[in-house]
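Engineer: pasting the structure only:
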């Protein structure tokens, strides 16, 4: 039988700002990379495989993983993020495939042998699997939860697993038949069965309805139906007028979507715990979720404020892509002004999450070096030294905010079109350490000796959620103003401001108080 030995589970520190070993209290700063054997494109299909399926992969892919883990360990990395392909691990439904499980056992053993821990996700998968990626509604959510439960039964007591990272850059569609079916019940709860109060709150201009059952769904934010860069500051003047910006109608819908997403997180987290998982749980979250960074309101339904109690720590995936797009604040490597704007933006994103009182890991962060790239727009050639220059600045200004860093990706994948092509710590051969890999290694060794302290806040700023959620113009103005007035040396915290729902009929409340 496998002996657990002295490796400990990792826990959140008592102050809620970092991590430590469960039994010893020794500080632990997760620093490493996102690992896959193969990432790329075949025609219009994007693929990513944990064990590899390209011409460089041996029959099982395990040997390549073992060798890669050894090289990453030599750099001083201690944590890797991997994701399981559902069509490989559950090809026939609920049953965990024995061959896939054995391969993953070997991966976990290789992590232990090299002093690594792994954060395990099951949300990125090859397109041909036919899976609903985020599984937020029945029957997909029920099946997904059962499969997470099976993973917990098999690996829930392995301390080599740092955490389970559920969902993954989750975003809900604006509306589906199932989401629509839940809307009336949500409104009845928050408006205390009082349709008259609901109508008065939404105002006379909302399309006519006579009960909760036929309450209409608002139109989406105009940025959602416009080109992706339309909400960037240089294009706001051309943004179409939005009749429902700042409306209570749209605001209610956005809050409702957050509850839909939080429900799926809670159900999967519960499935893991019922299966005996002792590891931490988190959600792999795109930083565009809160408050909704410029790019057309691309994320809905996974605001960590709503699922906070279901997870142990928070994650962000943060890249300066949208700043390089037409109308953006500029490529950080093109000018000092653009660089400083991005550094403030990155720190603000982290502080919005950290203000909720749990550690924040940059679960995906990075940029590219060694060639040209693409991220919804053509990106110019950048050298390996350019990659280091940008990311070194990010680390220096983010150390007091984030509690861990996982580079995207562990090596270059030239067959991929986006920054995955040259974002690695290693070149495409998986053996030659890049300039950034050497610098990141220095951070890893530094943090192994001393965990960086969280910078206390000098001020608390309001996050006015109704305009941020409902008005692209208000949102972008808030974001630009906040970034331009931010001092990275004296960071602040944020307090979300949510408009209260009636919940209790005011006349009855008055009557009970008189009694």
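Structural biologist: Structure received. Every value quoted in this text rests on a predicted model; they were computed, and no experiment measured them.

Engineer: contacts for stretch 176-183?
Structural biologist: With Cβ atoms under 8 Å, 6 or more residues apart in numbering as the test, stretch 176-183 has contacts from 137-138, 172-173, 215, 217, 253, 256-257, 260. C-beta here means a position set from N, CA and C on the backbone, and glycine is covered the same way.

Engineer: typed the wrong thing, it's stretch 75-82
Structural biologist: Defining contact as Cβ under 8 Å, 6+ apart, one finds that stretch 75-82 is touched by 28-36, 50, 69, 72, 107, 111, 115-121, 162, 165, 363-364, 404, 406, 410, 425, 433, 437, 440-441, 444-445, 448.

Engineer: list buried residues within those.
Structural biologist: With burial judged by 16 or more other Cβ atoms under 10 Å, the buried subset of the contacts of stretch 75-82 is 28-36, 50, 69, 72, 107, 111, 116-121, 162, 165, 363-364, 404, 406, 410, 425, 433, 437, 440-441, 444.

Engineer: I'd like to know which elements the helix or strand hosting residue 344 is packed against.
Structural biologist: Assigned by DSSP states H and E, residue 344 belongs to helix 336-354. On a contact count with 3 or more Cβ pairs under 8 Å, 6 or more residues apart in numbering; DSSP states H and E, helix 336-354 meets strand 314-318, helix 321-324, strand 360-365, helix 384-398, helix 472-484, strand 493-497.

Engineer: other residues contacting the second one?
Structural biologist: Contact partners of helix 321-324, identified using Cβ under 8 Å, 6+ apart, comprise 229, 232, 293-295, 328-332, 338, 341-342, 345, 375-377, 379, 419.

Engineer: tell me how far residue 53 lies from residue 415.
Structural biologist: Applying Cβ to Cβ, to the nearest Å, the value for residue 53 to residue 415 is 12 Å.

Engineer: can you say which of the contacts of helix 321-324 are buried?
Structural biologist: Judged by neighbour count, with 16+ other Cβ under 10 Å as the criterion, the buried members of the contacts of helix 321-324 are 229, 232, 293-295, 328-332, 338, 341-342, 345, 375, 379, 419.

Engineer: nearest the geometric middle of the protein, what residue?
Structural biologist: residue 285 (1.3 Å; Cα atoms, centre = their mean).

Engineer: how about that residue: what's its closest non-neighbour residue?
Structural biologist: Leaving out its chain neighbours, the residue that sits closest to residue 285 by Cβ to Cβ, 6 or more residues apart in numbering is residue 315, at 5.3 Å.

Engineer: rewinding a little: out of the contacts of stretch 176-183, flag the one nearest to residue 187.
Structural biologist: Minimum distance to residue 187 across those is 5.6 Å, recorded for residue 215 (Cβ to Cβ).

Engineer: helix or strand right after the host helix or strand of residue 120?
Structural biologist: Per DSSP H and E: residue 120 is located in strand 117-121. Tracing the chain past strand 117-121, the next element assigned as helix or strand by DSSP H and E is helix 140-155.

Engineer: what values do phi and psi take at the residue nearest to the centre of the chain?
Structural biologist: Reported as degrees, to the nearest 10, the phi and psi values for residue 285 are phi -110, psi 130.

Engineer: how much space between it and residue 265?
Structural biologist: As defined by Cβ to Cβ, residue 285 lies at a distance of 10 Å from residue 265.

Engineer: just to revisit the earlier point, what subset of the contacts of stretch 176-183 is buried?
Structural biologist: Neighbour counting over those (16+ other Cβ under 10 Å) leaves 137, 172, 215, 253, 256-257, 260 as the buried ones.

Engineer: turn those into TSV, columns for secondary structure, distance to residue 245 and pLDDT.
Structural biologist: Formatted as TSV, the buried ones among the contacts of stretch 176-183 follow (DSSP: H, G, I helix; E, B strand; the rest coil; distance: Cβ to Cβ, whole Å; pLDDT from 0 to 100):
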residue	secondary structure	distance to residue 245	pLDDT
137	coil	28	86
172	coil	20	87
215	coil	20	98
253	helix	13	96
256	helix	18	96
257	helix	17	94
260	helix	22	94
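
Engineer: mind putting those residues in a markdown table, distance to residue 43 included?
Structural biologist: Shown next, in a markdown table, are those (distance: Cβ to Cβ, whole Å):
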| residue | distance to residue 43 |
| --- | --- |
| 137 | 30 |
| 172 | 28 |
| 215 | 44 |
| 253 | 37 |
| 256 | 38 |
| 257 | 33 |
| 260 | 34 |
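
Engineer: show me where the stretch 401-515 of the chain has strands.
Structural biologist: Under the criterion DSSP state E, counting those that start in this stretch, strands of the stretch 401-515 of the chain are mapped to 404-407, 460-464, 493-497.

Engineer: for residue 484, grab the count of nearby residues.
Structural biologist: Other residues near residue 484 come to 11 when the count uses other Cβ atoms under 10 Å.

Engineer: from residue 244, how far off is it?
Structural biologist: 28 Å.

Engineer: bridged to the closest residue to residue 462 other than its chain neighbours, which residues?
Structural biologist: The shortest distance from residue 462 to any residue other than its chain neighbours is 5.1 Å, reached at residue 497 (Cβ to Cβ, 6+ apart). Listed beta-bridge partners, residue 497: residue 464 (assigned using DSSP bridges).

Engineer: ok, residue 497 touching residue 467?
Structural biologist: No. With contact defined as Cβ atoms under 8 Å, residue 497 does not reach residue 467; the gap is 9.9 Å.

Engineer: more neighbours, the two?
Structural biologist: With neighbours defined as other Cβ under 10 Å, residue 497 and residue 467 compare such that residue 467 has more, 18 against 12.

Engineer: not counting sequence-adjacent ones, nearest residue to that one?
Structural biologist: In this structure, residue 467 finds its nearest non-sequential neighbour in residue 474, 3.8 Å apart by Cβ to Cβ, 6+ apart.

Engineer: again, but for residue 247
Structural biologist: Take residue 247 and drop its neighbours on the chain: the residue closest to it by Cβ to Cβ, 6+ apart is residue 470, 6.1 Å away.

Engineer: which residues touch the one you found?
Structural biologist: When contacts are taken as Cβ under 8 Å, 6+ apart, residue 470 is in contact with 221, 244-247, 250-251, 254.

Engineer: repeat for residue 117
Structural biologist: Residue 117 sits in contact with 10, 30, 78-80, 111, 159-162, where contact means Cβ under 8 Å, 6+ apart.

Engineer: is it bridged to anything, and to what?
Structural biologist: For residue 117, the residues forming beta bridges with it (DSSP bridges) are residue 79.

Engineer: kindly provide the distance from it to residue 173.
Structural biologist: Distance check for residue 117 against residue 173: by Cβ to Cβ, it reads 34 Å.

Engineer: hmm, residue 172 and residue 257 touching each other?
Structural biologist: Yes. Because the distance of 5.3 Å satisfies Cβ under 8 Å, residue 257 is recorded as touching residue 172.

Engineer: which neighbours do these two have in common?
Structural biologist: Residues touching both residue 257 and residue 172 (Cβ under 8 Å, 6+ apart): 179, 300-301.

Engineer: can you pick the most crowded of those residues?
Structural biologist: Of all the shared contacts of residue 257 and residue 172, residue 301 has the most neighbours under the rule other Cβ under 10 Å, reaching 27 neighbours.

Engineer: so it is in which element?
Structural biologist: Assessed by DSSP H and E, residue 301 sits outside every helix and strand.
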